[in-house]
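A.B. asks: Could you look at this predicted model? Sequence included:
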Amino acid sequence: MIPVKNPKLANNWKSKTAATVSDEEVLAMSDYEYMNALQMAFFRLKLVQLKTDILANAGETTEHLREDTVIVPDPADRATIEEEHALELRTRDRERKLLKKIEQSISRIDSGDYGYCDETGEPIGVGRLLARPTATLSLEAQQRRELKQKMFGD
C-alpha cells in the first residue's frame, strides 16, 4: 500500500537533513521538488542502510551454519536442521540478488537517473520508492511488464 501525502508536513523537510527527515515528510514534498538533493541523499541513506543490514545478515548466516555442523544422530532432527539451512541459504541468495540491485540504485543516484522509469522516463514516485527503493520502473510500466510475462511466459 502506497502511503498518502500529508499536507501538514509539506514544508517540514526544508529545515532538515537527509538523516533526520522522515518517510512521511519526504512523501509530503510537492511534485515540483521530486528527486531534489535532499530526496536523493535520503534514498542513498536508505539504500546504504539496507545494504549494511543485508551484509550483517550474511555474516550471521555464516556463523550460524558453522555452529550447526554438529553431528545429530536422529534422522528427523538432522532433516530439520538441513531444511533450516536450505531456507536460510535461499534467503541469502535472494538478498545477494537484492545487493546487486541496491548497488545499481546507488549508481543511478550518482548519475542522476534515480527515481525515473527506465522505459518511459517518467517519475517512479516517492511512494513507490519508499516501498521499493530499488524500483526502476513506474507502477504502470511494471504492470505492463508483468502482464507481458504472464501472457508470453518470459
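C.D. replies: On my side now, so go ahead. Residues are numbered from 1 along each chain as shown.
A.B. asks: I'd like the distance between residue 42 and residue 129.
C.D. replies: According to C-beta to C-beta, to the nearest Å, residue 42 and residue 129 sit 10 Å apart. Glycine gets a C-beta too; all of them are placed from N, C-alpha and C.
A.B. asks: Who has more neighbours out of these two?
C.D. replies: Set residue 42 next to residue 129 and count neighbours by other C-beta atoms under 10 Å: residue 42 wins out with 27 against 22.
A.B. asks: quick one: that one is in a helix?
C.D. replies: Yes - per DSSP: H, G, I helix; E, B strand; the rest coil, residue 42 lies within a helix segment.
A.B. asks: Could you report the distance from it to residue 128?
C.D. replies: From residue 42 over to residue 128 the distance is 15 Å, taken as C-beta to C-beta.
A.B. asks: Mind pulling up the pLDDT for residue 105?
C.D. replies: On pLDDT, residue 105 comes in at 96.
A.B. asks: How about it, nearest residue that isn't a chain neighbour?
C.D. replies: residue 134 (4.9 Å; C-beta to C-beta, 6 or more residues apart in numbering).
A.B. asks: Helix, strand, or coil at the one you found?
C.D. replies: Here residue 134 is coil, with the state taken from three-state DSSP.
A.B. asks: got a list of what it touches?
C.D. replies: 47, 98, 101-102, 104-105 (C-beta atoms under 8 Å, 6 or more residues apart in numbering).
A.B. asks: longest helix of the chain?
C.D. replies: Assignment by DSSP state H gives helix 75-111 as the longest helix of the chain.
A.B. asks: name the helices or strands packed onto that helix?
C.D. replies: helix 37-67 (3 or more C-beta pairs under 8 Å, 6 or more residues apart in numbering; DSSP states H and E).
A.B. asks: Return the list of helices and strands in contact with the helix it packs on.
C.D. replies: helix 23-28, helix 75-111.
A.B. asks: So what's the residue count around residue 110?
C.D. replies: Around residue 110 there are 11 residues (other C-beta under 10 Å).
A.B. asks: What's the separation between it and residue 30?
C.D. replies: The value you get for residue 110 to residue 30, if C-beta to C-beta is used, is 25 Å.
A.B. asks: likewise residue 45?
C.D. replies: 21 Å.
A.B. asks: Contacts made by the helix or strand just after the longest helix of the chain with the rest, please.
C.D. replies: Helices and strands here follow DSSP states H and E; after helix 75-111, the next one along the chain is helix 126-131. Identification of contacts with helix 126-131 by C-beta under 8 Å, 6+ apart yields 2-3, 23, 26-27, 29, 34, 39, 43, 115, 135, 138-139.
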